[in-house]
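Undergrad: generate a structure from the sequence data that follows.
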Amino acid sequence: MKFTEVVEKVRNIASGVDASNRGFLAVQVNLTGKEGGVFYVEVKDGKINVEPYEYNDRNCAVTMSLTDFNKLIDGKLNPVLAFTMGKLKVDGDMGKALEFANVLKK
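TA: Modelled structure (predicted):
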């Protein structure tokens, strides 16, 4: 799967999430590997935005391989397990990273 396909997949997941009762959240996702890239997910004013850019004022940044991230958003990889196995790295607020994982659950 290519980077642009992953971003579109996250947008599709986000479009089905009710964010009306969620607070502000800004997470930058750094995908490593040959087809990797950077995008962000922002929850603000009850809406979720997913854009293929860096986010400077983020709560945290999550770094993992594109393959593992795809497994994560498909529900085939537990985020806590991925973190303990070193497949997922978090720079910043760990609580916001867990909140981000919950936003992306199908």
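Undergrad: what mean pLDDT does the helix ranked longest in the chain get?
TA: The helix spanning the most residues in the chain, taking DSSP state H as the definition, is helix 3-15. Confidence over helix 3-15 (mean pLDDT, whole number) is 95.
Undergrad: tally of neighbours for L88?
TA: Burial of L88, expressed as a neighbour count using other C-beta atoms under 10 Å, amounts to 22. Every residue, glycine included, has its C-beta placed from N, CA and C.
Undergrad: my read: it touches L72, true?
TA: Yes - L88 is within contact range of L72, at 7.5 Å (criterion: C-beta atoms under 8 Å).
Undergrad: intersection of neighbour lists for these two?
TA: Here L88 and L72 share the contacting residues 64, 79, 82, scored by C-beta atoms under 8 Å, 6 or more residues apart in numbering.
Undergrad: among the residues you listed, name the ones in helices.
TA: The subset of the shared contacts of L88 and L72 located in helices under the criterion DSSP H comprises 79, 82.
Undergrad: which one of the shared contacts of L88 and L72 is nearest M94?
TA: In terms of C-beta to C-beta, no member of the shared contacts of L88 and L72 lies closer to M94 than P79, at 10.7 Å.
Undergrad: the nearest residue to that closest one once chain neighbours are set aside and K34: what is the separation?
TA: What sits nearest to P79 in space, not counting adjacent residues and going by C-beta to C-beta, 6 or more residues apart in numbering, is A101, at 4.0 Å. When distances are taken as C-beta to C-beta, to the nearest Å, A101 and K34 turn out to be 25 Å apart.
Undergrad: what does stretch 4-22 contact?
TA: The contact list for stretch 4-22, computed with C-beta under 8 Å, 6+ apart, reads 1, 29, 31, 37, 39, 41, 43, 46-48, 50, 52, 66, 69-70, 73, 99, 103-104, 106.
Undergrad: filter those to the buried ones?
TA: Under a neighbour-count criterion of 16 or more other C-beta atoms under 10 Å, the subset of the contacts of stretch 4-22 counted as buried comprises 29, 31, 37, 39, 41, 43, 48, 50, 66, 69-70, 73, 99, 103-104.
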